[in-house]
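Peer 1: need a structure here:
(chains A and B)
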Amino acid sequence: AQSVTQPDIHITVSEGASLELRCNYSYGATPYLFWYVQSPGQGLQLLLKYFSGDTLVQGIKGFEAEFKRSQSSFNLRKPSVHWSDAAEYFCAVGPPYGNKLVFGAGTILRVKS
Amino acid sequence: DSGVTQTPKHLITATGQRVTLRCSPRSGDLSVYWYQQSLDQGLQFLIQYYNGEERAKGNILERFSAQQFPDLHSELNLSSLELGDSALYFCASSASGTGNEQFFGPGTRLTVL
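Peer 2: Down below sits the predicted model:
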């Protein structure tokens, strides 16, 4: 069965520090991979996606993610975190020719000044 | 703003009642997806419609049903409501039925008392 694991439920980083959020997936083939962000009381906003090609993908708000097939991982990174990045982050996988997304449990990011 | 609209924003009702949640997809998008977000289950795919036809089903209860109308808006009907149905219900849309990124609406928060 398809599954997504985000091992960190909460992460706290200082403003200006670097960030890495982990995501591992279990899937029969290489899926499409996504990172979404959800601010309190808001819907989900797509940060970036990986379909194929270059394994390092750039997204909005200065985020990037790297797909590592050998590790079944798609970790999200940002070199310098801003207080406005505090939110919940979800990794998701979807089949290349399918439809439904399977989401991880989410990682809540807290930014301290 | 993703371009996906959902109404109402909040809904409070009693057990045993029936409610209808409405979603308007982004202009030009043919697919609509419904997801449920709860504290214990996380984000779960419920159902997908593509151009008026049901395309995929997830963990949707028999008490729940959905439809997509000719103007492509969708409604999710929840009946015989139970306390455990309290959740955030998201609608998402995508351009096609498969393999595309999904854009999420702001959600409808349902509280069953």
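
Peer 1: which residues does residue 33 contact?
Peer 2: The chain I'm using is chain A. A:23, A:25, A:49, A:50, A:65, A:67, A:74, A:91, A:92, A:93 (Cβ atoms under 8 Å, 6 or more residues apart in numbering or on different chains). C-beta here means a position set from N, CA and C on the backbone, and glycine is covered the same way.

Peer 1: Sorry, I should have been clearer: chain B.
Peer 2: With contact set as Cβ under 8 Å, 6+ apart, residue B:33 has these partners: A:99, A:100, A:101, B:45, B:46, B:47, B:48, B:91, B:92, B:93, B:94, B:102.

Peer 1: what sits against the residue minimising distance to the centre of chain A?
Peer 2: The residue lying closest to the centre of chain A (Cα atoms, centre = their mean) is residue A:35, at 3.6 Å. Residue A:35 makes contact with A:21, A:23, A:46-49, A:59, A:63, A:65, A:74, A:76, A:89-92 under the criterion Cβ under 8 Å, 6+ apart.

Peer 1: If we go by neighbour counts, what in stretch A:46-53 is buried?
Peer 2: Buried positions in stretch A:46-53, judged by neighbour count with 16 or more other Cβ atoms under 10 Å in any protein chain shown: A:46, A:47, A:48, A:49, A:50, A:51.

Peer 1: which residues sit in contact with the second one?
Peer 2: Neighbour list for residue A:47: A:34, A:35, A:36, A:37, A:59, A:60, A:61, A:63, A:65, A:76, A:89 [criterion: Cβ under 8 Å, 6+ apart].

Peer 1: change it to 7 Å
Peer 2: Contact analysis of residue A:47 by Cβ atoms under 7 Å, 6 or more residues apart in numbering or on different chains lists A:35, A:36, A:37, A:59, A:60, A:61, A:63.

Peer 1: Filter those residues down to just the ones in helices.
Peer 2: Nothing among the contacts of residue A:47 maps onto helices, per DSSP state H.

Peer 1: Farthest pair within those?
Peer 2: In the contacts of residue A:47, two members sit farther apart than any others by Cβ to Cβ. They are A:36 and A:61, at 12.1 Å.

Peer 1: These two: which is more packed in?
Peer 2: residue A:36 (25 against 12; other Cβ atoms under 10 Å in any protein chain shown).

Peer 1: which residues touch that one?
Peer 2: Neighbour list for residue A:36: A:44, A:45, A:46, A:47, A:90, A:92 [criterion: Cβ under 7 Å, 6+ apart].

Peer 1: measure the fourth one to residue A:100 for me?
Peer 2: In this case it means residue A:47. 19 Å (Cβ to Cβ, to the nearest Å).

Peer 1: Appreciated, that's everything.
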